[in-house]
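Undergrad: all I have is the shape, not the residue letters:
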């Protein structure tokens with residue numbers, strides 16, 4: 001047995017000298033409270049006990065009352081406004097139908113806000129980096145104003161502008177009997193089905209829509225093929241123009257071959273309200289506008305930060321080959337900054353979905369407003385708020401799913417390009433080829 005080695009005197013560390021043999025947490029004879037494993041088990045047991053007690057208490061409290069969703073099958077008993085593409089009758093339609101009408105109202109607001117705020121955010125974010133002092137400061141003022149103001153206040157202000165700033169229906173602004181503007185909203189033409197060569201066959205509209213979907217898929221396929229040919233040969237193929245022309249041709253030809261199954265219904269004024277066409281009510285407009293500028297301000301900062309995070313050498317390389325500002329932005333900067341934007345923009349989309357619940361402040365019949373009306377009239381608050389939680393969760397998870405799929409595809413495409421440097425090189429080569437046709441020198 002080897003003798004125990006000792007550290008020579010004078011070579012000990014100060015810590016060893018102060019604590020020659022520090023006790024470990026698992027040393028024999030140590031109190032249980034000092035043993036790490038025991039502490040971990042104790043914390044978990046206490047946590048499970050508290051959770052079990054809370055669940056038991058809630059179940060006991062809920063068991064004293066009768067709960068169920070049978071009340072949803074009864075007639076709603078009242079009508080609502082802001083209907084679009086739905087036919088709701090308060091005397092015959094059920095409360096469940098009313099709830100789904102509110103869900104549809106929320107979905108269309110969120111969809112419009114996501115589309116408009118994305119476009120607005122990209123434009124303002126790029127404008128913040130503009131060399132123009134006036135444009136850059138204007139974009140900065142927009143961001144700071146709408147990002148630091150409460151959303152509810154903004155929506156109420158937009159609603160007040162619509163109600164008191166626009167003329168009454170008697171003094172409506174009429175633009176060629178095509179567009180009406182008043183404090184009752186904006187009335188626009190809207191397409192309606194009228195059958196086709198087969199008389200009242202409204203299903204012909206579905207046939208035409210199907211043809212448009214197929215035509216759009218074919219146009220996208222042709223566009224992708226032309227883009228690949230451009231990258232391979234360097235010859236300009238005009239993929240966007242050809243794809244758009246092909247889709248427009250398919251739409252027009254099929255429209256006339258099917259006997260014009262759709263006609264444009266112009267709005268008219270009946271009494272103190274709009275009829276026919278499509279009316280964008282002040283409640284919908286105020287909520288959409290408020291959410292759009294508020295969300296767009298945050299997206300603008302995300303776009304600005306993502307662009308500034310790119311190495312400056314990429315912009316310098318794009319300038320070196322003589323790309324225009326538009327080409328540099330669309331071919332070099334935004335495609336690479338998009339990878340950094342998507343996770344943060346996804347959070348803003350989710351916030352827009354949840355923030356839409358402030359529609360209650362402007363009397364827009366969205367999911368939250370309709371659910372509150374039902375709860376105030378008949379009670380059943382627990383069931384109704386459970387439905388609200390589930391619905392908002394499903395909507396948020398759906399948005400997250402779509403954005404995660406988009407993010408995965410963009411990431412996979414970038415991995416196929418190789419490293420960031422090789423991906424930039426390929427984009428620069430493609431941009432240079434699209435600018436200088438094959439056979440010519442720059």
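TA: Done, it's in. None of these values were measured; they are calculated from a predicted model.

Undergrad: just give me the residue right at the centre of the chain.
TA: By CA atoms, centre = their mean, the chain has its centre lying nearest to residue 349, at 3.5 Å.

Undergrad: check the secondary structure at that residue for me.
TA: Under the three-state scheme (DSSP: H, G, I helix; E, B strand; the rest coil), residue 349 adopts helix.

Undergrad: contacting residues for it?
TA: Residue 349 makes contacts with 114, 295, 399, 403, as judged by CB atoms under 8 Å, 6 or more residues apart in numbering. (C-beta placed from N, C-alpha, C; glycine too.)

Undergrad: put together CSV for the residues you listed, with pLDDT, neighbour count and secondary structure on each row.
TA: CSV is the format used below for those (pLDDT from 0 to 100; neighbours: other CB atoms under 10 Å; DSSP: H, G, I helix; E, B strand; the rest coil):
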residue, pLDDT, neighbour count, secondary structure
114, 96, 20, helix
295, 96, 26, helix
399, 95, 18, helix
403, 93, 17, helix
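
Undergrad: of all pairs in those residues, which one is the farthest apart?
TA: 295 and 403 (14.2 Å; CB to CB).

Undergrad: low pLDDT regions in the stretch 151-300 of the chain?
TA: 195-202 (pLDDT under 70).

Undergrad: brain fart, the stretch 301-442 of the chain
TA: Judged by pLDDT under 70, the stretch 301-442 of the chain has its weakly predicted residues at 414-442.

Undergrad: let's see it at 50
TA: 419-422, 436-442 (pLDDT under 50).

Undergrad: let me see the ranges of the helices in the stretch 51-200 of the chain.
TA: Taking DSSP state H, counting those that start in this stretch as the criterion, the stretch 51-200 of the chain carries its helices at 95-128, 133-147, 151-165.

Undergrad: return the most buried member of those.
TA: Neighbour counts (mean count of other CB atoms under 10 Å) averaged over each of the helices of the stretch 51-200 of the chain peak at helix 95-128, with a mean of 20.

Undergrad: how far away from the center of its chain is it?
TA: 7 Å (CA atoms, centre = their mean, to the nearest Å).

Undergrad: what do you get for stretch 348-363?
TA: Averaging C-alpha positions (CA atoms, centre = their mean) puts stretch 348-363 12 Å from its chain's average.

Undergrad: now stretch 251-267
TA: 32 Å.

Undergrad: stretch 311-326 now?
TA: Its chain's average C-alpha position is 31 Å from that of stretch 311-326, according to CA atoms, centre = their mean.

Undergrad: pull out the buried residues from that stretch.
TA: 314-315, 317-318, 321, 323 (16 or more other CB atoms under 10 Å).

Undergrad: show me the helices in the stretch 251-400 of the chain, by range?
TA: Counting by DSSP H, counting those that start in this stretch, the stretch 251-400 of the chain has helices at residues 282-308, 312-320, 325-327, 334-355, 367-378, 381-417.

Undergrad: and the ones you listed, which is most packed in?
TA: Across those, averaging neighbours per residue (mean count of other CB under 10 Å) puts helix 282-308 on top, at a mean of 23.

Undergrad: what angle sits between that one and helix 151-165?
TA: 130 degrees (axes from the mean of the first three to the mean of the last three CA atoms, to 10 degrees).

Undergrad: what angle do helix 282-308 and helix 133-147 make?
TA: Relative orientation of helix 282-308 and helix 133-147, computed by the same axes, to 10 degrees: 120 degrees.

Undergrad: report all helices and strands that helix 282-308 contacts.
TA: For helix 282-308, the packing partners by 3 or more CB pairs under 8 Å, 6 or more residues apart in numbering; DSSP states H and E come out as helix 95-128, helix 133-147, helix 151-165, strand 185-188, helix 334-355.

Undergrad: which of the ones you listed sits closest to residue 236?
TA: Closest to residue 236 of the helices and strands packed on helix 282-308 is helix 334-355 (CB to CB; 19.5 Å).

Undergrad: and the closest one, how far from the chain's centre?
TA: Worked out by CA atoms, centre = their mean, helix 334-355 lies 8 Å from the chain centre.
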